[in-house]
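In: After the sequence you'll find the predicted model.
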Amino acid sequence: MPTPAKLTPAGLVSHVRLDGRWTPKTFRAKADEIRALLGARTDLRMEITSGSHGDRATITLRTRSAADGIDLNGWTPGAPWGVDTITGEPVMVPLGRRMLVAGTSGSGKSWSTRALLAEGSEADDHRLVVIDPKRVEAMNWHHRARTAITPDQVLDVTDDLVAEMHERLALIPRGQDVIAISPERPRITVFVDEGAEVIAMAATPRTRPTKEDPGDPDWSRIMDNLRTLARMARAAEIILIWATQKPTQDKNGGIDPQISAQITYRAALALSTSGESRVVFGEDATEKGWHAHELPMPGVAMLRFGPKAKPHPINTRAFSPADVIALPDRPTWHRETSRPTASPLRLVKEATAATETPAPASNRDRVRQAVEEGARTLRDITDQTGINKGTVSREIKALTATGALRKSDDGMVLPGQEAA
Ligand SMILES: Nc1ncnc2c1ncn2[C@@H]1O[C@H](COP(=O)(O)OP(=O)(O)OP(=O)(O)O)[C@@H](O)[C@H]1O
Ligand SMILES: [Mg+2]
C-alpha cells in the first residue's frame, strides 16, 4: 500500500506499507519489477530503503539532482571539482592525495581530471608531470607541465622523481612526517594516463646489447620507479595519480597491484562491470552500493576516500582541451633546475648518508665520476658503478653531448675538456 508520492528536493518519495510476508529487503530485491510497475525510466535512479517500522519501505525516485542548476563548465583556481548530486555539497579538488581514477573510454576521465591537473600546476609551490604514452593529453599540457611520452622520456622523468624523492626524504626533520612545500621544493603531482600503456611500455623487450651497441635501457625500471613513488613519495610531496580505462589486474590490465595497494583515494567514472567496481572500490563494493558500473556517462563519478565516504554520484567539472590550452603558462619541473645553487654531487652524498639507499638518478654523476677515476670503456664503467649497460651508454651519450665527457679516436671514454 503506497502513500501518495510527494515531490521533495530529493525527488519523488513514497512510503510503502508491506503485507506481513514482505520485508524491506525482499522488497528491494524486486527493484526491477517495481521499476516496471511504476513505468520509471531505466536510467532514473531509484532507491528503496527501510522505513520507520519493520513492515515499511521508502521508494525514492531521484527525479531531481541536487547538482541541477550548478554550472560546472570551465575552471578558475579554487573552483570545486564537482557537486554531490544527492547532498548538493561541493567536492573540492583533492590536491596532495595519491589517487586512482578509473573509467571506461568516453566516461570523462580526461575531462574530469583536468581540474586536478590545473590546480596541481597553478601555484608557485606546485608543479605538474604528465606521463602519457598515448600523447593526446600530454600535448595539451606542454605549457604547464613536464610531459613524458616516449619510453626514454618516461624512464628519465621517473628516474629524476625517484632521485628527488630520496633527496627530499633525507631532508625531513625529526618529528615531522611530510616535507614542507615551497617554491624551491614544490609539491609535484605526477599524472599517469593511461596506466595500461605504461605497464605495457615497461614490459617491452629490450634490444639485445652487442659490442657496438649497448642496447636499450632496462624499461622495467619504469614500473620499479613508479612503485617506489607510490610507496614512499607522499612524504616527499611527490603525488602519484594513476588513471586507467581498464581497472583489472590481468595481463592487459591497467592496474598494478603494488601501486594500487598504496592508494586509498579511489575515483571511478562509469565502468563496464561490477567486477571492475570491486577492483576499484574493494571487495565490499557491490554490497555497500559502490556501483560505478551503473553510473551514467559522461562526467559522473563516485569517490571513495575513507570510511565516511558515501557512494553518491558526483557531477564533475567539464574541462575541455581548449580550456587547458587557454590556461596561462607555468614553469615546469626539471631536477637540474629545481635547485640551481646546490651541487648535485653533494646532495646525493647527503641523501646517501642519511637514508643508506643510493639515489638512482645519481647515475649520471656516478658515470662521470667513474670516468674521472680512470674507467675508460663501457665495461669498466658498468663494473665500477654497478649500473646496467644500457643506462651507462645513455648517460655517456648525454655527458658527451654536454662536453662533460668525450670519446677518443679508438673509442675510449675520457673526461671532457674542463676536467682533462
Ligand atoms: N564532466 C563532464 N561534463 C560534460 N561532458 C563531459 C564531461 N566529461 C566528459 N564529457 C564529454 O565526454 C567526452 C569524453 O570524455 P573524455 O575524453 O574525458 O573521456 P575519457 O574517459 O578520457 O576517454 P578515453 O579513456 O578514451 O581517453 C568528452 O569529449 C566530452 O564531450
Ligand atoms: Mg582520456
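Out: Cool, got the structure. Ligands and ions are numbered 1, 2, ... in the order given.
In: and the residue of the protein nearest ligand 2?
Out: For the chain, the residue closest to ligand 2 is Ser110, as judged by Cβ to the ion, at 3.3 Å. Backbone N, C-alpha and C define where each C-beta goes, glycine included.
In: quick one: contacts of whichever strand or helix holds Met302?
Out: If you go by DSSP states H and E, Met302 is part of strand 300-304. If you take Cβ atoms under 8 Å, 6 or more residues apart in numbering as the criterion, strand 300-304 is touched by 82, 85, 91, 94, 103, 108, 112, 265-270, 280-282, 290, 292, 295, 309, 311-316.
In: re earlier: helices or strands next to the helix or strand hosting the residue of the chain closest to ligand 2 in the packing?
Out: Taking DSSP H and E as the criterion, Ser110 maps to helix 109-120. Counting contacts by 3 or more Cβ pairs under 8 Å, 6 or more residues apart in numbering; DSSP states H and E, helix 109-120 packs against strand 99-102, strand 126-131, strand 187-193, strand 238-244, strand 314-316, helix 321-325.
In: thought the residue of the chain closest to ligand 2 was touching Lys134?
Out: No - when contacts are counted by Cβ atoms under 8 Å, Ser110 is not listed as touching Lys134 (10.2 Å).
In: what sits in contact with each of the two?
Out: What both Ser110 and Lys134 touch, as defined by Cβ under 8 Å, 6+ apart, is the set Asp193.
In: Mind checking which of the two has more residues around it?
Out: A count of neighbours by other Cβ atoms under 10 Å puts Ser110 above the other of Ser110 and Lys134, at 23 against 12.
In: what about that one, distance to Gln245?
Out: 11 Å (Cβ to Cβ, to the nearest Å).
In: how about the residues of the stretch 101-250 of the chain that lie near ligand 2?
Out: 109-110 (Cβ under 5 Å from the ion).
In: change it to 8 Å
Out: Contact residues (Cβ under 8 Å from the ion) of the stretch 101-250 of the chain with ligand 2: 105, 109-111, 134, 136-137, 193-194, 243, 245.
In: mind listing the helices for the stretch 51-200 of the chain?
Out: Here the stretch 51-200 of the chain has its helices, by DSSP state H, counting those that start in this stretch, at 109-120, 136-140, 151-169, 195-202.
In: mind giving me JSON lines with those helices and columns for distance to ligand 1 and mean pLDDT?
Out: Compiled in JSON lines, the helices of the stretch 51-200 of the chain are given as follows (distance: least, Cβ to the nearest ligand atom, whole Å; pLDDT from 0 to 100):
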{"stretch": "helix 109-120", "distance to ligand 1": "3", "mean pLDDT": "96"}
{"stretch": "helix 136-140", "distance to ligand 1": "7", "mean pLDDT": "95"}
{"stretch": "helix 151-169", "distance to ligand 1": "18", "mean pLDDT": "96"}
{"stretch": "helix 195-202", "distance to ligand 1": "10", "mean pLDDT": "96"}
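In: Buried deepest among those helices, which one?
Out: Of all the helices of the stretch 51-200 of the chain, helix 109-120 has the most neighbours on average by mean count of other Cβ atoms under 10 Å, namely a mean of 24.
In: mind listing what the residue most central in space within the chain touches?
Out: Relative to the mean C-alpha position of the chain, the nearest C-alpha, by Cα atoms, centre = their mean, is the one of Ile241, at 1.3 Å. Contact analysis of Ile241 by Cβ under 8 Å, 6+ apart lists 98-101, 113, 116, 189-192.
In: Could you do His126 as well?
Out: Counting by Cβ under 8 Å, 6+ apart, His126 has contacts 95, 119-120, 181, 186-189.
In: ok, the contacts of Ile241 vs Arg335, which is closest?
Out: Val190 (13.2 Å; Cβ to Cβ).
In: from what I can see the closest one touches Arg127, true?
Out: No - the criterion here is Cβ under 8 Å, and Val190 misses it with Arg127 at 9.6 Å.
In: Mean pLDDT and distance to Ala5 for the helices and strands packed on helix 109-120 - can I get that in JSON lines?
Out: Below are the helices and strands packed on helix 109-120 laid out as JSON lines (pLDDT from 0 to 100; distance: least, Cβ to Cβ, whole Å):
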{"stretch": "strand 99-102", "mean pLDDT": "98", "distance to Ala5": "36"}
{"stretch": "strand 126-131", "mean pLDDT": "98", "distance to Ala5": "49"}
{"stretch": "strand 187-193", "mean pLDDT": "97", "distance to Ala5": "44"}
{"stretch": "strand 238-244", "mean pLDDT": "97", "distance to Ala5": "41"}
{"stretch": "strand 314-316", "mean pLDDT": "95", "distance to Ala5": "25"}
{"stretch": "helix 321-325", "mean pLDDT": "96", "distance to Ala5": "41"}
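In: Nothing else from me, thank you.
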